[in-house]
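K.L.:
just to be clear, the model below is a prediction. Sequence and coordinates:
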Amino acid sequence: MRQTRKKVVLVVIPIAFLIALSILAARSGPPSAEASPVENEKDKPKAAAKEKADKEEKDKTALAEFMHAKLDASTEILEGLLLEDEKKIIKGAEKMREMSQAEKWRISNDMMYRHHSEDFRRNVDKLITSAKGNSIDRAALNWFDVTLSCIDCHRWVRRVLIAEADDPIQP
C-alpha cells in the first residue's frame, strides 16, 4: 500500500505542478509592453529559476515514465515465467537490457551506481541465457537475482543520491 502511494505521488505531483503552471501562464497573459527595462532585468533571475524548475520537473516526469516502462518489461518477464513462455521472458529481459544502456538510465556516474548497473546487466544476461536454454526454473532463479539487483540499486539511490541532493551543505 505504501509503495503504491509513493508511485501515485511520483506521478500525480509533477502532473499537478504542470497543470498549475499552465493555469498561471494562461491567466498572466503576454508580458506587458509597458514594463520598464529595469523591471525586466529584475525578472531575469526569476525567469531563469522558473526555467530551471520547469526543466527539473520535465526530467522527473521523463524518468518516471522510463521507470514505468521498466516495470512493464518486468511484468512481461513475470508473465512469461508464470506461463512458461520463454519468448515472453526473453522479450522482456532484452527490453530491460536495452533500457539499461539508455542515457536516462544513468542518473549518476558514481562508482557504486555503475556497480549496481553492471550487476543488473549481468543478471539480466543470465536470465536471457536461461530462457533461451528452456530452463524455466533457472530463469525464475535468475529473475529473482535481477529483482534483488533492482531493489539494491533503488535502496542505494534513495539513501545516497537523494540524501546528497537534499543536503543543504552540498555546493
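P.N.:
Right, received. Where do you want to start?
K.L.:
for the longest helix seen in the chain, packing partners?
P.N.:
Determined from DSSP state H, the single longest helix within the chain is helix 37-83. Judged by 3 or more CB pairs under 8 Å, 6 or more residues apart in numbering; DSSP states H and E, the packing partners of helix 37-83 are helix 2-28, helix 86-99, helix 136-156. Bear in mind the C-beta positions are built from the backbone N, C-alpha and C, glycine included.
K.L.:
let's see it at 10 Å
P.N.:
helix 2-28, helix 86-99, helix 111-132, helix 136-156 (3 or more CB pairs under 10 Å, 6 or more residues apart in numbering; DSSP states H and E).
K.L.:
any weak-confidence spans in the protein?
P.N.:
Scanning the chain for pLDDT under 70 picks out 1-41, 104, 161-171.
K.L.:
ok, now which ones touch Lys91?
P.N.:
73, 76-77, 80, 85, 128, 131 (CB atoms under 10 Å, 6 or more residues apart in numbering).
K.L.:
of those residues, buried ones?
P.N.:
73, 76-77, 80, 128, 131 (16 or more other CB atoms under 10 Å).
K.L.:
rebuild those residues as JSON lines, extending it with distance to Met99.
P.N.:
Listed next are the buried ones among the contacts of Lys91 as JSON lines, based on distance: CB to CB, whole Å:
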{"residue": "Ala73", "distance to Met99": "7"}
{"residue": "Glu76", "distance to Met99": "12"}
{"residue": "Ile77", "distance to Met99": "13"}
{"residue": "Gly80", "distance to Met99": "17"}
{"residue": "Ile128", "distance to Met99": "14"}
{"residue": "Ala131", "distance to Met99": "17"}
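K.L.:
closest to Leu148 among those residues?
P.N.:
Ile77 (14.0 Å; CB to CB).
K.L.:
surely that closest one meets Ala93?
P.N.:
Yes - at 5.8 Å, Ile77 and Ala93 qualify as touching, with contact defined as CB atoms under 10 Å.
K.L.:
which neighbours do those two have in common?
P.N.:
Jointly contacting Ile77 and Ala93 under the rule CB under 10 Å, 6+ apart are 124, 127, 131, 139, 142-143, 146.
K.L.:
and the residues you listed as a markdown table, adding distance to Pro45?
P.N.:
Below are these laid out as a markdown table (distance: CB to CB, whole Å):
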| residue | distance to Pro45 |
| --- | --- |
| Val124 | 45 |
| Leu127 | 50 |
| Ala131 | 55 |
| Ala139 | 55 |
| Asn142 | 52 |
| Trp143 | 50 |
| Val146 | 46 |
